[in-house]
Every structure is written in C-alpha cells, then in structure tokens.
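generate coordinates for the sequence data below:
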Amino acid sequence: MLSPRSVEEGPGGTEPRENSALSAAPNDRIHTATMPEPCFDHLQRMTDHRGIWEHARFTTPRTEHGYCTDDNARALIVLSRQPDPSPRLVGLAGVYLTFLQDARLPGGGFHNRRNSGGTWTDEVGSDDSQGRALWALGTVAGRGPASWMRRRGLEMFAEQPDLHSPSPRANAFAVLGASEVLRSWPDHRHARHLLERSVGHLLVRDDARWPWPEERLAYDNARIPEALLAAGAHLADDGMVDAGLLLLEWLAATETRDDHFSFAPVDGWALGEPRPGFDQQPVEAAAMADACIRAWSMTGDNRWKDRVGLAAGWFLGANDTGATLYDPQSGGCGDGLEHDRVNQNRGAESTLAALAALQQADMISRAEARRASSSAACGLRSPTL
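The predicted structure follows:
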C-alpha cells in the first residue's frame, strides 16, 4: 500500500534524505549492465513473527501502521516463485502463509487490516485483498518452497467460496491464483470454476483508441491483460489470448516514452491528460514485467522479453527522471518516482514490486544461459556421417 505522504519528510523537514543508492543514474547504463539479482535483506528487516509491516520511514518499519493481507500475499507470491530459496526465505514464506491463515473469516474471505498488537481492525478486507489472497494461495499451492506449504495452500484455496466483486483487478488476481492451481492440477474443479467466473468480469472494449475496460488507467494495470492471457491458455480460448495480447500491446505502447516505460501516475490517467505523470508507483513496473514474461512464454516473441527488461530497468534508472529506486545492497525500493526525487521510504509494496520485476529479469537471464549452454553443447558434438 502507499506510504502516508507525511513520512516522505526527512529529519529536517520536507526535503528527502540523501541516499546514494537512490540517486540519478543515466539510462544508458541500465541497458549495458547486468541487472542485480533480487536481494531479500530489507524484506527480512520489514518482517517480524506475524508478517511483513506495511510501511517504512526510510528503511525502518513503521510499526504503528500495522500489517495488511495485501502485502503478505504479495510477499508469499514472490518467495514462492524464487528459485532455490535459502532456509531463511523458506522461513519467511512460512510467516506470510500463516498470516493468510490467520486472516481467514469463518464464512470465507479474509481480513485485511491488522494492528501492531496482532488484532484485526476490519470486519472484512477490500475486494483487492480477497483476490490477492486467492492469488497467493494458488501460487504457494503450486510453487511453495516446502511440501507443507503447498499442501496447506491448496487446502485453503479450495476452502474459499467464489469471489463476488465487480472490480476488474480483484477478479484478475483471482484468475491468476486459479491459473497457478491449474498448472499443477488441470482438473481442479474449484480452480476452473473460479477462473471462468472471474475472467467474465474482464471485458475489452471494441475501441482501438481506448480498449481499456475502465474509463481511466488506475493501478496494477497490466494484471488485467495478464489474467486474460492466463485464462485463455487454460481454457484453450484463442480469442481470449488474442484479446489479452492486444490489450497488453496497447497498454505497453501507451506507457512507453522514448526508450523507457512512463507509467500512469498514482491518480491514474485518461486520454487527453498530460504525460509524464507523477507519482509513478513501483507496482506498475512489477505488473508489466509479469505480464510481458507471460506473453513471451506463450508467444516466443522477443519484443515481450525486451519489455521485461525495460520494466525491471525502470527501478534502475530507465524511467522519466533517470533516478534509481532500487538499492541492490539492501534490496529495498523507494515508494514512488516523483518529478524531482524518489520517495525515500521503502515500504513493503514497493520493495516487493522491485523484487518481483528483478525475479522475472533473472528468469530470462537463466533461460538465455541455458539456451546458450545447449547451443554450445550441440556445436561440440561430432557430425554424423
């Protein structure tokens, strides 16, 4: 979630505290240097025995703001898809899964808001938090770093009723969770039912200028076309896949400026409004990286692979101001890109967004290394006479 504006102030007032890791960086450096692997030190710093704290003042958790299901779900997704996680990361994943288990409501659904003492402060969480919890449970069920997590994730996913929400994003998150279950259990009836029901809320307009299903771009935008791609693949619906690709192409083109991504600002964007806009949020880059790597894996079109690199590069200075948001030494990420600075607070949402995007860039690097190794091995083989 977004940090309160007041915590952007440095010790002496409204000027941000200097930090060499979050400084200006020329965009050409981003295209030539190897991207850093994800570093999870700040994630651990932000986590206690209950879960991940929502906000930070610079690098220090702001415990007075408590926790939320949204961020613990995000954290569980990131750690579930991390290749060869260390025992430290496996332990953190267990904390986040336990948080979701504790967040469950008796009749289905989840709390979202939890105070620093561990008490839930809402009757039921937002629609987005319901969808994100389903996404996280589906992901840990299919990819969790321990067998007990995979088993418990699948049980918790299956226990949840249908999602009843008009929100495109909440339904997109639910689709992504169901698709994770279907990757491992193609005949899982509840996952397929949830996917079919939720994708029905993702409509693409028949308007080349504005095909977006809402009046304006809002947040986590690329999750919508990604969900169409995921659902289309599992339903063997080529028309749905094509709709997802067209919508993602439109979104990527709309949010590209010169040689970098220029994402919709925190207040959203509609046709006729000025660009670039600020504050730009890290979740936009993470969502774009996830959607583009899915498009690349489904099509083999290297344009999508290149856009994954651009999305990850946004954190490293390939953005409208040339500022670096991600600190590779600590693994923390600034909470937003403003027109003249970076929000120096490194909360959970922004840090997890950077880690997610860098994971996808690393996945591509691993795939290309395997391909190069395979090609080299083929070249060493003796020709058959």
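
how far away is Ile293 from Ser365?
Distance, Ile293 to Ser365, by C-beta to C-beta, to the nearest Å: 12 Å. All C-beta spots, glycine's among them, are computed from the backbone N, C-alpha and C.

more neighbours: which of the two?
Ile293 (23 against 14; other C-beta atoms under 10 Å).

wait, doesn't the more buried one sit right on Gln360?
Yes - counting by C-beta atoms under 8 Å, Gln360 is a contact partner of Ile293 at 4.7 Å.

in the stretch 1-150 of the chain, where is pLDDT below threshold?
Along the stretch 1-150 of the chain, the model assigns pLDDT under 70 to residues 1-33.

strands of that one, start to end?
56-57, 60-61, 67-68, 113-114 (DSSP state E, counting those that start in this stretch).

out of those, nearest to Arg189?
Of all the strands of the stretch 1-150 of the chain, it is strand 67-68 that lies closest to Arg189, at 30.7 Å by C-beta to C-beta.

work out the gap between that closest one and the centre of the chain.
Distance of strand 67-68 from its chain centroid, counting by C-alpha atoms, centre = their mean, to the nearest Å, is 17 Å.

can I get the strands of the stretch 1-150 of the chain in TSV with mean neighbour count?
TSV is the format used below for the strands of the stretch 1-150 of the chain (neighbours: other C-beta atoms under 10 Å):
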stretch	mean neighbour count
strand 56-57	23
strand 60-61	18
strand 67-68	28
strand 113-114	22
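
among those strands, which is nearest Gly331?
Nearest to Gly331 among the strands of the stretch 1-150 of the chain is strand 56-57 (12.5 Å), distances taken as C-beta to C-beta.

each with direction, which strands does that closest one pair with?
Sheet pairing for strand 56-57, assigned by DSSP bridges, gives strand 60-61 (antiparallel).

ok, residues contacting the strand it pairs with?
For strand 60-61, contacts defined as C-beta atoms under 8 Å, 6 or more residues apart in numbering pick out 45-46, 53, 55.

repeat that for 6 Å
46, 53 (C-beta atoms under 6 Å, 6 or more residues apart in numbering).

stretch 169-189 now?
Against stretch 169-189 from outside (C-beta under 6 Å, 6+ apart): 127-128, 131-132, 134-135, 138-139, 141-142, 163, 191, 194-195, 198-199, 201, 220, 223-224, 227, 230-231, 234.

can you map out the helices along the stretch 101-250 of the chain?
Using DSSP state H, counting those that start in this stretch, the helices assigned to the stretch 101-250 of the chain run over residues 127-143, 147-159, 168-184, 189-199, 223-235, 238-254.

pLDDT below threshold where in the stretch 201-350 of the chain?
Along the stretch 201-350 of the chain, no part satisfies pLDDT under 70.

show me where it has strands.
256-257, 260-261, 326-327, 332-333, 336-337, 342-343.

among these, which is nearest Pro36?
Among these, strand 326-327 comes nearest to Pro36, with 7.7 Å by C-beta to C-beta.

partners of the closest one, with directions?
Partners of strand 326-327 in the sheet, by DSSP bridges, are strand 332-333 (antiparallel).

contacts for the strand it pairs with?
Residues outside strand 332-333 that contact it (C-beta under 6 Å, 6+ apart): 42, 59, 282, 325-326, 346, 350-351, 354.

now with 10 Å?
Identification of contacts with strand 332-333 by C-beta atoms under 10 Å, 6 or more residues apart in numbering yields 19, 21-22, 39, 41-43, 45-46, 56, 58-59, 282, 285-286, 315, 324-327, 342-355, 357-358.

among the strands of the stretch 201-350 of the chain, which is the most enclosed?
Scoring the strands of the stretch 201-350 of the chain by mean neighbour count under mean count of other C-beta atoms under 10 Å gives strand 332-333 as the most buried, with a mean of 31.

buried sites along the longest helix belonging to the chain?
As assigned by DSSP state H, the longest helix anywhere in the chain is helix 348-380. Within helix 348-380, the residues that count as buried by 16 or more other C-beta atoms under 10 Å are 348-364.

show me how far it is from its chain's centre.
17 Å.

what do Ile293 and Gln360 both touch?
Taking C-beta under 10 Å, 6+ apart as the contact rule, Ile293 and Gln360 both touch 305, 308, 311.
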